[in-house]
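Participant: Let's see this in three dimensions:
(5 chains, ligands or ions: 4)
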Amino acid sequence: MISVKNLKKSFGDNEVLKDISLDVDSQEVVVVIGPSGSGKSTFIRCLNMLETINGGQVLIDGKDLTDKNTNINTIRTDVGMVFQHFNLFPHKTILDNITLAPMNVRKMKKKEAEEKAMGLLEKVGLAEKASAYPESLSGGQKQRVAIARALAMEPKIMLFDEPTSALDPEMVGEVLEVMKQLAKDGMTMIVVTHEMGFAREVGDRVIFMDNGYIIEQNEPTALFDKPQHKRTKAFLSKVL
Amino acid sequence: MISVKNLKKSFGDNEVLKDISLDVDSQEVVVVIGPSGSGKSTFIRCLNMLETINGGQVLIDGKDLTDKNTNINTIRTDVGMVFQHFNLFPHKTILDNITLAPMNVRKMKKKEAEEKAMGLLEKVGLAEKASAYPESLSGGQKQRVAIARALAMEPKIMLFDEPTSALDPEMVGEVLEVMKQLAKDGMTMIVVTHEMGFAREVGDRVIFMDNGYIIEQNEPTALFDKPQHKRTKAFLSKVL
Amino acid sequence: SLLLSACGSGGEQQSGSEDKKVLNVGTEATFAPFEFMDKGEVSGFDVDLLNAAAEEAGYEVDIKNTGWDAMLAGLQSDQLDIGMSGVTITDERKETYDFSSPYFESVSMIVFKEGTNITKAEDLKGKKIGVQNGTTGQIAAEAIVGKNDSSISKYEAAALTFQALQSGDVEAVVTDIAVALEYVKNNPDAGVKTVSDEQFTPEYYGIVFSKGSELKAEFDEALNTLYENGTYTEIYKKWFDEEPNLDVLKEAAVQ
Amino acid sequence: MDFRFEIVQDYMPFFLKGMAVTIGVSLAGILIGLILGLFIALGNMSSNKLIRLPFNIYINIFRGTPLLVQLLIIHFGIVPMFMSPSDPLVSLIIGLSLNSAAYIAEIFRAGIQSIDKGQMEAARSLGMTRVQAMKLVILPQAVKRVIPPLGNEFIVLLKESSLGSVLAAPELMYWGRAAAGQYIRIWEPYLTVALIYLVLTLSLTYLMNYVERRMKTDDLR
Amino acid sequence: MDFRFEIVQDYMPFFLKGMAVTIGVSLAGILIGLILGLFIALGNMSSNKLIRLPFNIYINIFRGTPLLVQLLIIHFGIVPMFMSPSDPLVSLIIGLSLNSAAYIAEIFRAGIQSIDKGQMEAARSLGMTRVQAMKLVILPQAVKRVIPPLGNEFIVLLKESSLGSVLAAPELMYWGRAAAGQYIRIWEPYLTVALIYLVLTLSLTYLMNYVERRMKTDDLR
Ligand SMILES: Nc1ncnc2c1ncn2[C@@H]1O[C@H](COP(=O)(O)OP(=O)(O)OP(=O)(O)O)[C@@H](O)[C@H]1O
Ligand SMILES: Nc1ncnc2c1ncn2[C@@H]1O[C@H](COP(=O)(O)OP(=O)(O)OP(=O)(O)O)[C@@H](O)[C@H]1O
Ligand SMILES: [Mg+2]
Ligand SMILES: [Mg+2]
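Facilitator: Ligands and ions are numbered 1, 2, ... in the order given. Here you go, the predicted model:
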């Protein structure tokens, strides 16, 4: 599904991703952890070309992102993204937030898009908020809408960049619940998170990144309980 | 040390604190928990008059905050405050951040203020950063400086408003460590936090607020393990 | 402070009681050939005449290019003693200021592009006319087509008036003969023609004083002397290359 | 100093006509300026340096030279090429539009850049093109941010339209100058004209504050 | 159209002198405007409505009326009370200062209000008075934010100083008008003058961009 080979990315002189290789299978849930500044966000942002790639190769569902003939907008409809700060469109109702891209990118009919959106809102438990504006929602509700919005494009892969770390603690659970359901439904997911409970329960694999490299990867229990690398140990000791 | 009687506070029509009464002894560490919007921040901001009080009475070390003759600036030097977002002064070095108030409010000599500041930086483990600017520090380091800055005024009470919730997880520990030390040294503290581990280990008492009221208070173990009130239970089930 | 100022000016006693009094004069030096900046120096017919008249009346004059608005405000606030800027004498204006007896007969002239059908003042009717705001040209044109008629455009400076003619904004410019000729001299290939008409009633320029100024009488007398002793004629010929008609001025002065 | 009210009275009909013209040309100027300004702002934000260049030059020239000179060039140099005889009102509107477009472009740019980067990223990550994201997500939000500075720009324009008097466009200041020319008195006409400008700009300011306050209340953050 | 270069040549020394005056009065105007503007901004941000009122009126009047009228009133109404005869340069500097102060006050207000509220709260919570917090914490940070808009204001001032020609202050536009009056031609003097203004404002723009870029590099966030 996703195949990353020797990915490199720099901002100016700052080499943020040094040599990342990774394969993710269909329906796999990969959790990425690592200290702040290690390049986690940059890595998943490269996967839907929010950052330009400086070296190496990324294949999404067989399509090469570094190939100039690849249409990034098509790729992006295949790769949904959920951000730490939700990034809902504040001037649109919840329903319009969700239907905007399907109607304008997929050229879906309004009625069809809205039916679909209502289905997704049902799924994330927010059907009654359809006509509200984002500002009236709590953080947890916003993030669930953001997930529904991404799903409306029927992506094959979902990327999550610390989806719960801007939330008040009592709202973390509801978002993780939605993500668990998504994983259960067979979505391919890459999740940057500090929620170790989620990683343990849902993750098929946990990747520990530091300083632009993948230092260690393993099944969650194995990685958390028996980290092999010194840096992994040091990090886990602080966070767990 | 602190005595709050029937405290009331509204923003316009929105009554945020409805009837808060609380006594805190010298050297006591009180942890305040509760859902978002319950009024925790507003409550501790009332204690050093960052919010004007609409009703009731607050005595700090015997001085009545609602009395017009009370000099708030003097009260504030007795009550240190640490904010969620650090609020360091970006245009000043770390050392100057700490010496600014002692020199200008307490009219301390520069040399004396700096010696004292270095002592405090030593205590929070950041002596080598004295001449750095805040932007070059990590979140955890910033918050430790903010604590040192508050301590430089030699307050009798320290207020903390979610001091670790803007931090990356691997930096939470270092800040809590400093706070623990402070508690051990006998500082009177009121701490709004979601770090239940800290509450358990350091707190003398935990207060659960909801919707502008203190719903329940008890020793940490008692409150966490046997919450009496329905709302307390509901909240704890989400967060623990 | 008394002490200080006494110390400061210790050496030089002001002994100028015998020096001539200096009069402050304002002008808007954008009205060639009457007054204009000749590379930094205010010069023109008005300047020479005023200098001569002042000499005659026993004054010195300090002529500054203050600009039009500033000249008027200066007169009204008594910061200036004299305004000398080809100012047309009208009854409306006399309510606010005192004018010297007329020192120049301003006859208006029509300037138009070659090919425009204008032979006399009446032809202005139905045409778009450009004038310089507040000048004799404006008075003359308004006498033909009516006050503040929409066919009249008032420009701030002579240069703009002629530019408007060039760009076709207006079909005719009505202005003082001297200004018209000065324009033709400076812009020989402008492709314009001029025509004058007896129907334009002559207007007169006067030196402007604030209301009730004692200077008026002295300068009237001085002007008279200049008419008599030939100085006026000399200055006139220097700037306009022809003999002045002194009788007209004297006659107008009587009215 | 005496103040002759009858001068004000005499010229009041002209002042009122002039005021209407002033309002008209300013409105026309800001409206055309808005359209041009948006276009220039988008051009000036292109990622391609060569596309940016002409827009940048445009902005610098129109912000860098006195409007008076711009008006003269437009009226006497450019408009006559398309229109004969050239009408000073047309030239004034063109001049104000082109000039305000340069300032409005900068207002739009600031407004667009003040929208959180995450909005563009979210839109792009949903597969929208840059243009779609601009049109559907960024601009609708930027509109609110630019209303206060646009209001200011309108006030500036209102006052600057007084330069139209140089072209003999019959706006408020033109009639003020005409009155001053007739009576060769400056205070009566200029103070009256200043008062009218003040009334216009203050009304605008209050209108703006009202709009801003309303926008804040039903802010859809 | 023929362009008579000798006119430009003849008047070049005067244009250069005028340019120096233009730069001088604009500099003086912005410097005095800065001091006044800061004072007005602080007054206009007082929590007391009655204290705010006069500052608010000041700002509205100076932003709401044409600078031309302000200059006339200052030169003929106010300056003569202290100085006789009043020097047009002095009046021009006073007028530009008072006018720019109103705009600068708004720039300062925006700058101060853009500083995160937490900064004031942190300062107050350490026991500083409002004045101390302003002086030690808020203003030093606001200074950076206001530099770009102040640069713009300086450019505006530079161009508006051309109204000094109405008072016969011998700045750049004055000499442009003088040349136009002497030769009864507009293009040679006005285009030259416009070019000089453009050079001045462009130099300033580049200087400003340079300063902004430098500030970004050693930004002490
Ligand atoms: N747009 C950018 N321009 C320049 N540098 C950047 C940019 N984005 C990220 N960086 C730098 O790249 C490095 C990695 O950043 P990244 O956001 O990928 O880390 P992260 O692992 O997601 O950290 P966090 O846990 O704090 O989100 C950091 O040093 C950061 O400063
Ligand atoms: N300055 C203010 N103006 C108006 N309303 C305010 C203001 N500050 C807080 N409120 C309101 O007061 C209520 C309580 O806010 P407060 O910040 O005290 O809650 P909290 O318990 O600290 O929540 P959190 O955990 O999110 O920090 C909220 O409804 C909030 O919207
Ligand atoms: Mg990140
Ligand atoms: Mg809070």
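Participant: how many other residues sit next to D:Lys17?
Facilitator: In terms of burial, D:Lys17 registers 16 neighbours under the definition other C-beta atoms under 10 Å in any protein chain shown. Glycine gets a C-beta too; all of them are placed from N, C-alpha and C.
Participant: Shouldn't it be within a helix?
Facilitator: Yes: with DSSP: H, G, I helix; E, B strand; the rest coil as the criterion, D:Lys17 is located in a helix.
Participant: which residues does it contact?
Facilitator: When the contact criterion is C-beta atoms under 8 Å, 6 or more residues apart in numbering or on different chains, the partners of D:Lys17 are D:Pro170, D:Trp175.
Participant: Skipping its backbone neighbours, what lies nearest A:Glu51 in space?
Facilitator: Closest residue in space to A:Glu51, ignoring its immediate chain neighbours: A:Arg45 at 4.6 Å, by C-beta to C-beta, 6 or more residues apart in numbering or on different chains.
Participant: What number of neighbouring residues does the one you found come out with?
Facilitator: Counted with other C-beta under 10 Å, the burial measure for A:Arg45 works out to 19 neighbours.
Participant: Kindly export whichever helix or strand it is part of (C-alpha atoms) in PDB.
Facilitator: A:Arg45 belongs to helix A:40-47 when elements are defined using DSSP states H and E. Presented in PDB, the C-alpha positions along helix A:40-47 are these (Å, rounded to 0.1, in the frame of the first residue of the first chain):
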ATOM      1  CA  LYS A  40       7.400  12.400  12.700                       C
ATOM      2  CA  SER A  41       5.200  15.200  11.300                       C
ATOM      3  CA  THR A  42       7.500  15.800   8.500                       C
ATOM      4  CA  PHE A  43       7.500  12.200   7.600                       C
ATOM      5  CA  ILE A  44       3.700  11.700   7.300                       C
ATOM      6  CA  ARG A  45       3.400  15.100   5.600                       C
ATOM      7  CA  CYS A  46       5.700  13.800   2.900                       C
ATOM      8  CA  LEU A  47       3.300  10.900   2.300                       C
END
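Participant: pLDDT weak spots in the stretch 151-255 of chain C?
Facilitator: Judged against pLDDT under 70, the stretch 151-255 of chain C has no low-scoring part.
Participant: In it, which residue sits nearest chain D?
Facilitator: Taking C-beta to the nearest C-beta, chain D has its nearest neighbour within the stretch 151-255 of chain C at C:Ser153, 3.7 Å off.
Participant: Residues in a beta bridge with that residue, which ones?
Facilitator: C:Gly130 (DSSP bridges).
Participant: roughly how far apart are the residue of chain C found nearest chain E and C:Leu181?
Facilitator: Per C-beta to the nearest C-beta, C:Thr30 is where chain C lies closest to chain E, at 2.9 Å. The spacing between C:Thr30 and C:Leu181, counted by C-beta to C-beta, to the nearest Å, is 17 Å.
Participant: Counting neighbours, go ahead and name the busier of these two.
Facilitator: For C:Thr30 and C:Leu181, the more surrounded residue by other C-beta under 10 Å is C:Thr30, and the numbers stand at 26 against 17.
Participant: Next one: the closest residue to that one other than its chain neighbours, what pLDDT does it get?
Facilitator: What sits nearest to C:Thr30 in space, not counting adjacent residues and going by C-beta to C-beta, 6+ apart, is E:Gly181, at 2.9 Å. Taken from the predicted model, the pLDDT recorded for E:Gly181 is 82.
Participant: Could you report the pLDDT at the residue in chain D that ligand 1 sits nearest to?
Facilitator: With C-beta to the nearest ligand atom as the measure, D:Lys117 is the residue of chain D nearest to ligand 1, at 9.0 Å. Model confidence at D:Lys117, expressed as pLDDT, equals 93.
Participant: ok, now which ones touch it?
Facilitator: Contacts of D:Lys117 by C-beta under 8 Å, 6+ apart: none found.
Participant: how about it, phi and psi?
Facilitator: Main-chain dihedrals, D:Lys117, degrees, to the nearest 10: phi -50, psi -30.
Participant: returning to what we had before: what sits up against the helix holding A:Arg45?
Facilitator: With C-beta under 8 Å, 6+ apart as the criterion, helix A:40-47 contacts A:2, A:4, A:7, A:9, A:16-17, A:20, A:32-34, A:51, A:53, A:58, A:60, A:65, A:79, A:81, A:157, A:159-162, A:190, A:192, A:209.
Participant: Buried ones among those residues?
Facilitator: Buried residues within the contacts of helix A:40-47, counting neighbours by 16 or more other C-beta atoms under 10 Å in any protein chain shown: A:2, A:4, A:7, A:9, A:16-17, A:20, A:32-34, A:51, A:53, A:58, A:60, A:65, A:79, A:81, A:157, A:159-162, A:190, A:192, A:209.
Participant: Restricted to strands, list the residues you listed.
Facilitator: In strands, defined here by DSSP state E, the members of those are A:2, A:4, A:7, A:9, A:16-17, A:20, A:32-33, A:58, A:60, A:79, A:81, A:157, A:159-161, A:190, A:192, A:209.
Participant: Doesn't D:Ser86 belong to a strand?
Facilitator: No: with three-state DSSP as the criterion, D:Ser86 is assigned coil and is not in a strand.
Participant: Look at C:His175 and give its secondary structure.
Facilitator: No His there; residue C:175 is Thr. Once three-state DSSP is applied, C:Thr175 turns out strand.
Participant: Give me the buried positions along stretch C:91-108.
Facilitator: Judged by neighbour count (16+ other C-beta under 10 Å), stretch C:91-108 contains these buried residues: C:93, C:96-108.
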